[in-house]
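Trainee: Just to be clear, the model below is a prediction. Sequence and coordinates:
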Amino acid sequence: MVILVLFRSRLSERADKEYDITEDRLARRVRELAGDDLVHIKNYTSDDGERLALVWWRDPETLERWRTDPEHQEAQRLGREQWYSFYELTVAEVIRTSSGEDPSRYPGR
């Protein structure tokens, strides 16, 4: 099973250097917590400022540990209160993945 988390967001005017520091720290933290379970992370920002983070997981239990991690929960609180003018979280089970490129580069194989 592969789980895909999509996190869409738009930063508010109140997002500051603390946001950047927290984002970097949590990127390291999620890899520490997930270990081999974390398959892949990609981040994108569109021309209009909307951001999209894609995170692939193999194990729902590991994803739950991340969801309930105290440091992650504190960052979520700050995000809701000051850093994001908009956010949307979607968690989905990947049914199928196909590609014409090297399959070892893609999760879910």
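Mentor: Now that the structure is in, tell me what you want to look at. Model, not experiment: these values are computed from the prediction. Numbers count the residues shown, from 1 in each chain.
Trainee: Please tell me how far the longest helix along the chain is from the chain's geometric centre.
Mentor: In the chain, with assignment by DSSP state H, the single longest helix is helix 17-34. Counting by Cα atoms, centre = their mean, to the nearest Å, helix 17-34 is centred 10 Å from the centre of its parent chain.
Trainee: what's it in contact with?
Mentor: The contact list for helix 17-34 (Cβ atoms under 8 Å, 6 or more residues apart in numbering) reads 11, 38, 41, 55, 57, 62, 65-66, 69, 71-72, 75, 78, 83. In this view, the C-beta of every residue, glycine as well, is placed from N, C-alpha and C.
Trainee: please redo it, this time with the cut-off set to 7 Å
Mentor: Contacts of helix 17-34 with the rest of the structure, by Cβ atoms under 7 Å, 6 or more residues apart in numbering, involve L38, T62, R65, W66, D69, E71, H72, A75, W83.
Trainee: Pull the contacting residues for the fifth one.
Mentor: Under the criterion of Cβ under 7 Å, 6+ apart, the contact partners of D69 comprise L33.
Trainee: how much space between it and E32?
Mentor: Distance of D69 to E32, computed by Cβ to Cβ, to the nearest Å: 10 Å.
Trainee: pLDDT score for the closest residue in space to T45 that isn't next to it in sequence?
Mentor: Nearest residue to T45 in three dimensions, chain neighbours excluded: R51, at 5.0 Å (Cβ to Cβ, 6 or more residues apart in numbering). In this model, R51 is scored at 97, pLDDT.
Trainee: contacting residues around R51?
Mentor: S9, R10, N43, Y44, T45.
Trainee: One more pass at 8 Å, please.
Mentor: Residues near R51 by Cβ under 8 Å, 6+ apart: R8, S9, R10, L11, N43, Y44, T45.
Trainee: low pLDDT regions in the protein?
Mentor: 39, 102-109 (pLDDT under 70).
Trainee: residue boundaries of the strands in it?
Mentor: With strands called from DSSP state E, the chain shows them at 3-11, 38-45, 51-57, 84-93.
Trainee: got JSON lines for those strands, with distance to D20 too?
Mentor: Formatted as JSON lines, the strands of the chain follow (distance: least, Cβ to Cβ, whole Å):
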{"stretch": "strand 3-11", "distance to D20": "10"}
{"stretch": "strand 38-45", "distance to D20": "13"}
{"stretch": "strand 51-57", "distance to D20": "13"}
{"stretch": "strand 84-93", "distance to D20": "14"}
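Trainee: Since that was my last question, I'll sign off now.
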